[in-house]
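Colleague: Could you work out the structure for the sequence below:
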Amino acid sequence: PDIAESITVSVGAYPDTIDPALNSAVDGATYIIHAFSGLVGYRQKADGSLELYADAAKELPKAQPADNGMVKYVYELKDGLKWSDGTDLTAQDFVYAWNRAADPIITADYGYMFEVVDGYEEVTASDDEGNRTNPDAKLNVTASEDGKTLTVVLPVDVPYFNELAAFPTYMPVKESVVEGNEAWATT
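Modeller: Down below sits the predicted model:
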């Protein structure tokens, strides 16, 4: 098939942000899905309907049994994935982005979308004053040492998890760009 050299998107005014964790508007989401590659994406079929496809992942995984009756989804990343600066995109970028989006300090409108991931309750638990009771808690999402595999553990099977992974809030971000640069996605 022919590969397009460009794409024209008309979505209106400039979005408030293209930060996947902080965006909550359709215009921002449109920019995000065109500028970022998630594990999973949607593409249009010939009949106009949409289908899921493996984007940064090599294939769409199915739930596998994990410890304590939980399930896991294991995504193997495609070879040669790069950020726009030429550095490698790794599974750790997803781990960082997802934990950042779920962190109540970020106040992401769609942070709740990670509640299906094991560890979410610990990440968001707070005392009566609203302080996190375990600020070191993380989602049960891990990257392999070589950065090629992302393992996501869920308390129960969520048959639509691949659909969630296609949502803009699940897109990776590069920690070295985000940390200490609040305006990275707004200017």
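
Colleague: What about residue 88, how many residues nearby?
Modeller: 13 (other C-beta atoms under 10 Å). C-beta coordinates here come from the backbone N, C-alpha and C atoms, glycine included.

Colleague: I'd like the distance from the closest residue to it other than its chain neighbours to residue 37, if you could.
Modeller: Of all residues not flanking residue 88 in the chain, residue 82 sits nearest, at 6.3 Å (C-beta to C-beta, 6 or more residues apart in numbering). According to C-beta to C-beta, to the nearest Å, residue 82 stands 10 Å off from residue 37.

Colleague: Which elements pack onto whichever helix in the chain runs longest?
Modeller: Longest helix of the chain, by residue count under DSSP state H: helix 91-102. With contacts taken as 3 or more C-beta pairs under 8 Å, 6 or more residues apart in numbering; DSSP states H and E, helix 91-102 sits against helix 120-124, strand 141-143, strand 149-154, helix 175-178.

Colleague: picking that back up, between residue 82 and residue 37, which is the more surrounded one?
Modeller: Between residue 82 and residue 37, residue 37 has the larger neighbour count (other C-beta under 10 Å), namely 15 against 9.

Colleague: show me the residues around residue 142 that make contact.
Modeller: Shown in contact with residue 142 (C-beta atoms under 8 Å, 6 or more residues apart in numbering): 95, 150-151.

Colleague: Can you give me the buried ones in the helix-or-strand element of the chain with minimal mean pLDDT?
Modeller: One helix or strand of the chain scores below all others by mean pLDDT, DSSP states H and E: helix 26-35, with a mean of 75. Across helix 26-35, burial judged by 16 or more other C-beta atoms under 10 Å covers 27-33.

Colleague: got it, and stretch 90-109?
Modeller: Counting neighbours by 16+ other C-beta under 10 Å, the buried set in stretch 90-109 is 90-103, 108.

Colleague: okay, how far is it across it, tip to tip?
Modeller: 25 Å (C-alpha to C-alpha, to the nearest Å).

Colleague: neighbouring contacts of that stretch?
Modeller: 20-22, 24, 39, 75, 77, 81, 110-111, 113-114, 117, 120, 123-124, 126, 132, 138-139, 141-144, 147-150, 169-175, 178.

Colleague: quick one: which of the contacts of residue 142 is nearest to residue 63?
Modeller: Residue 63 lies nearest to residue 151 out of the contacts of residue 142, by C-beta to C-beta, at 11.9 Å.

Colleague: The closest one pairs with what?
Modeller: Counting by DSSP bridges, residue 151 is bridged to residue 74, residue 142.

Colleague: Relative to residue 105, how far out is it?
Modeller: Residue 151 is 25 Å from residue 105, by C-beta to C-beta.

Colleague: Could you list the low-pLDDT ranges of the protein?
Modeller: 1-3, 7, 9-12, 183, 185-187 (pLDDT under 70).

Colleague: Which parts of it are strands?
Modeller: 40-44, 50-54, 64-65, 71-76, 141-143, 149-154 (DSSP state E).
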